[in-house]
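*Asks:* Please find the sequence and the predicted model below.
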Amino acid sequence: MVGARVAGSPAAIELARRGRKVVVLDSSTFPSDTLSTHVVFPTLTAELAALGALEPLLATGTPKQPKVLINHGGIDVHWDYTPVDGYDFGMCPRRTTLDGVLVDVAREAGAEIREATKVTGLEWTAGRVSGVHYKDREGNTGTIGCKLVIGADGRRSTVASLVGSAVPYRRDENGRGLVFMYVDDPYPADSEERSQLFQWRVGDTLGMYFPTCDNGAVVLFMPPREQVNWFGQDLVHWNERLNQYPMLKERIAGGAPRTKLRKASDPFSYFRKSSGPGWALVGDAGHFKDPVIAQGIRDGVHYGRKLGQAAAAALDDPTWLDRALFDWELDRDRECVISYHFALRLSKTHPVSPVELEIWKASEHDPQRARRLADAFGRTLSPEKLLNYPDLITWTARGFLDRRQSNRDVLGDVTRELSTKARLYRDLARISRGKRLVPRNWEAWGGTKPIPPEKLTADHVAPRQPQRSDLARDEGELVRASANGVHPAPTLEQAS
């Protein structure tokens, strides 16, 4: 396993609990932070409980958050969640806390975690990944052989680069960027105010307040991405933007900053080829959606777990393993492509559109419809069922009847929605035929049309010649992402 955070540790836990020997390499040490917006919904709360990580996480002081306030177009919508396995609350743990808990649970499950250790190359045997080369913090190098290498190492995945999958075959530019900082929460740790998440939309920018652990909170703006660089550490533009959000400013109530501003202006969305002979990519290494819907952590944990479960049963048969990895990838894509398109809708930076405004109006005084909104974000309801055709027709008609709305704007909004649905249905039809998604937007990031993902082979992405030394080859079966735990060979440590 390369990467021990929210995708790597769950995969390692599931593998280790099924008797497989797992070595996890991570270039970081724990606890440590990473760029993230960290909101999670009850679907992830239930996942953490299944891993045995929920109680340790709550013990750190991470507050339960069963309530959300959303304000778009001046309309307040309050929602709560449909319980998932009995859990009806989300959370907003800092990544220093969440990742540390997951690493501890992985160690307890039997995974070997090597911190401050970088992967420097892959070993290939007969067209399959058969090991990794690494370098630790002391400068020592070595090779670990394996049956499977799992890349859980984020958007700039080293493993993706080494297997030739770094360039996405599907890429879409998100409209929004991220600017955020951590602050002191003015309310006591056990107060009711800390049990609620907040989001406001003013013009083209989202402003959010999420209470987190250690009696702190994260304040987040998601402006158009071209505006991200306006925000500097002098906080001049930050304070100007904050003054446009009186309710957000009131909620902060003078809470002192704990950190400097953090920002990202290029969180483009993508799908990468995520499985091949002896390798797989999970979490952001393989797939990324606009963070506006806060699904990255959930998908990392969920599909990390499912990958560990699928791979554990198939490791001893390369043909079966490759089939299981590909089936796992298609299963991920089948669910995630729906949220992918949903996120791209919400990433548009125009003010609240006519049809969107009707959605919020319909939810303002209807708790059941508001819960449907919550469940669409929380992934217990498909966004396609939220934006179904009968409701779309109703909201469109109301938009046309509202004299404050331009009929041209309403028509444009509906046209965009129908076009999005058509693209989604095409994608789902392709996945149902057992194929990866159609490549898109290749001109934007390459200039040369990529090979269709189903035609990629090891010849395109990796050398055929083994790179391990004779000494390493003679050691027999060594262990990396996951290997047979019945007769594990000793790990080779070879100093350079």
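*Replies:* All right, it came through fine. Numbering: from 1, shown residues only.
*Asks:* what about stretch 41-59, start to end distance?
*Replies:* 18 Å (CA to CA, to the nearest Å).
*Asks:* Give me the average confidence score over that stretch.
*Replies:* Stretch 41-59 comes out with an average pLDDT of 96.
*Asks:* contacting residues around it?
*Replies:* 10, 13, 64, 81-91, 93, 97-98, 101-102, 104-105, 108, 294, 297-298, 301-302, 305, 374, 377-380 (CB atoms under 8 Å, 6 or more residues apart in numbering). (C-beta placed from N, C-alpha, C; glycine too.)
*Asks:* Among those, which lie within strands?
*Replies:* If you go by DSSP state E, those have nothing in strands.
*Asks:* Drop anything exposed from the residues you listed.
*Replies:* 10, 13, 81, 84, 87, 89-91, 93, 97-98, 101-102, 104-105, 294, 297-298, 301-302, 305, 374, 377-380 (16 or more other CB atoms under 10 Å).
*Asks:* In helices, which of those appear?
*Replies:* Secondary structure from DSSP state H places 10, 13, 97-98, 101-102, 104-105, 297-298, 301-302, 305, 374, 377-378 of these in helices.
*Asks:* Report the residue spans of the stretch 301-450 of the chain with pLDDT below the cut-off.
*Replies:* 351, 395, 403-405, 440-450 (pLDDT under 70).
*Asks:* what about the helices in it?
*Replies:* 318-346, 354-364, 367-378, 383-386, 389-401, 407-432, 442-445 (DSSP state H, counting those that start in this stretch).
*Asks:* contacting residues for Arg369?
*Replies:* Per CB under 8 Å, 6+ apart, neighbours of Arg369: 362-363.
*Asks:* So that it lines up with my notes, have the first residue be 5 from now on.
*Replies:* In the new numbering, first residue 5, that becomes Arg373.
*Asks:* can I see the domain layout of this structure?
*Replies:* 12-42+98-173+278-333+448-478, 66-91+179-270, 354-438 (automatic domain parsing).
*Asks:* Now do Val223 against Asp189, distance only.
*Replies:* 10 Å (CB to CB, to the nearest Å).
*Asks:* what do you get for Arg276?
*Replies:* Taken as CB to CB, the span from Arg276 to Asp189 is 38 Å.
*Asks:* what's the neighbour count on the nearest residue in space to Asp89 that is not next to it in sequence?
*Replies:* Closest residue in space to Asp89, ignoring its immediate chain neighbours: Ala50 at 4.1 Å, by CB to CB, 6 or more residues apart in numbering. For Ala50, the number of neighbouring residues by other CB atoms under 10 Å comes to 18.
*Asks:* Using the three-state scheme, assign Ala50.
*Replies:* Here Ala50 is recorded as helix under DSSP: H, G, I helix; E, B strand; the rest coil.
*Asks:* Strands of the stretch 155-304 of the chain, start to end?
*Replies:* Counting by DSSP state E, counting those that start in this stretch, the stretch 155-304 of the chain has strands at residues 174-176, 182-188, 200-206, 209-216, 220-226, 266-268, 273-275, 279-280, 283-285, 291-292.
*Asks:* now these in JSON lines, with mean pLDDT?
*Replies:* As requested, the strands of the stretch 155-304 of the chain are exported to JSON lines (pLDDT from 0 to 100):
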{"stretch": "strand 174-176", "mean pLDDT": "90"}
{"stretch": "strand 182-188", "mean pLDDT": "95"}
{"stretch": "strand 200-206", "mean pLDDT": "93"}
{"stretch": "strand 209-216", "mean pLDDT": "95"}
{"stretch": "strand 220-226", "mean pLDDT": "95"}
{"stretch": "strand 266-268", "mean pLDDT": "92"}
{"stretch": "strand 273-275", "mean pLDDT": "94"}
{"stretch": "strand 279-280", "mean pLDDT": "96"}
{"stretch": "strand 283-285", "mean pLDDT": "98"}
{"stretch": "strand 291-292", "mean pLDDT": "95"}
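*Asks:* deepest of those, which one?
*Replies:* Among those, the stretch with the highest mean neighbour count (mean count of other CB atoms under 10 Å) is strand 283-285, at a mean of 29.
*Asks:* List the strands paired with that strand, with their directions.
*Replies:* strand 153-155 (parallel), strand 279-280 (antiparallel) (DSSP bridges).
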